[in-house]
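Visitor: I would like to see how this sequence folds:
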Amino acid sequence: MGLAVVEDLAAKGWNITVFDFDHVSGAKVAERLGRQVHFIKGNTAKYEELGAAFAETRKNWGSIDFVFANAGIGERSKFYEPKEELAEGFPAKPSTLTLEVNLLGVVYTAYLAMHFFRKNATKGGKLVMTSSASALYPSASLSLYSAAKHAVVGLTRSMGAALVKEGITVNCICPGIVPSGLLPEAFTNALQADMITPTSTIVKAINNFLADDSLTGQVAECSGQDVIYRPPYEPENEAARYMLALQDGKVGAKIDFVEMGKHAKMKKEFYDRMEDSAT
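Guide: Residues are numbered from 1 along each chain as shown. The predicted structure is shown next:
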């Protein structure tokens, strides 16, 4: 998917940085597409590597106008499978690599995109993140993958609402079955051809977001040939409507939820201890 978007934008004259863990493939893409495509090897789950790539990109091209947070991996652990206990009486820690790449890497990318968009002379920019159809439909076999992709939808809608006044648009795509490096070729070859989502649908969704400044906070399901915008749930009662109005600052005083947390029943020192124990 990412390659299809890179090829489309390169054909339109964009200057592009490709950031990927696969040095061999990335270097080949940059060599094939010419000087307007620069490759940087790195891991999106490593904040320092990603930050350095953003800084190098701005130095090379002068500004960062569009970011496509597309790096991802598939399910990496059999989450439901019974495990043997350790001597301590509980099983070994499950792999969280899927969450680190598909969620934490996206959070880092979104955070850095905000920073560098604000450095642009004209301000603003466009961020598109890759979620999945697994964020729209129950996927029993994709537990942690689905959890990460659900979170990307939530992040998209929150950021879209928060940043619209800065001229920053934030949207996400939710692809169906797309032939990509996440799927074995033998698997995709065995599927019903007209049920597969071609990369051209992904490119269409990206171009829609690039062309229309009014699109922000949108969740675009990419299914077959179609790009379908999926609205959020509507509140079903007055309590839910009140909660949303409170969060949006439409009733009562505007709330700073970070500051509010410092004065919550769980005091700041407990938060600090939790952060210390996590590092």
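Visitor: in the stretch 151-279 of the chain, which spans are helices?
Guide: In the stretch 151-279 of the chain, helices defined by DSSP state H, counting those that start in this stretch lie at 185-189, 199-211, 238-247, 257-262, 268-278, listed in chain order.
Visitor: Show me how far the fourth one is from its chain's centre.
Guide: In this case it means helix 257-262. On the basis of C-alpha atoms, centre = their mean, to the nearest Å, helix 257-262 sits 25 Å off its chain's mean C-alpha point.
Visitor: Also the longest one?
Guide: Mean C-alpha position of helix 199-211 versus that of the full chain (C-alpha atoms, centre = their mean) differs by 16 Å.
Visitor: before we move on, the earlier item: could you dump the helices of the stretch 151-279 of the chain to CSV with distance to residue 137, mean neighbour count and mean pLDDT?
Guide: Yep, even glycine has a C-beta here, placed from its N, CA and C like the rest. Below are the helices of the stretch 151-279 of the chain laid out as CSV (distance: least, C-beta to C-beta, whole Å; neighbours: other C-beta atoms under 10 Å; pLDDT from 0 to 100):
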stretch, distance to residue 137, mean neighbour count, mean pLDDT
helix 185-189, 19, 10, 78
helix 199-211, 17, 19, 98
helix 238-247, 23, 12, 92
helix 257-262, 30, 9, 72
helix 268-278, 32, 9, 66
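Visitor: Which of those sits closest to residue 156?
Guide: Residue 156 lies closest, by C-beta to C-beta, to one member of the helices of the stretch 151-279 of the chain: helix 199-211, at 11.1 Å.
Visitor: From the contact counts, what lies against the closest one?
Guide: Under the contact definition 3 or more C-beta pairs under 8 Å, 6 or more residues apart in numbering; DSSP states H and E, helix 199-211 sits against helix 2-11, strand 125-130, strand 168-175, strand 219-223, strand 226-229.
Visitor: any idea how the chain splits into domains?
Guide: Here the domain parsing of the chain from automatic domain parsing is 2-232, 240-279.
Visitor: so where's this protein shaky on pLDDT?
Guide: Residues of the chain meeting the criterion pLDDT under 70: 182, 253, 260, 263-271, 273-275, 277-279.
Visitor: who's in contact with the most centrally placed residue in it?
Guide: Geometric centre of the chain, nearest residue: residue 129, 3.6 Å, by C-alpha atoms, centre = their mean. Counting by C-beta atoms under 8 Å, 6 or more residues apart in numbering, residue 129 makes contact with 69, 70, 106, 109, 110, 152, 155, 156, 170, 171, 172, 173.
Visitor: if we can go back for a sec, just the domains of the chain: most buried one?
Guide: Highest mean neighbour count of the domains of the chain: domain 2-232, a mean of 17 (counted as mean count of other C-beta atoms under 10 Å).
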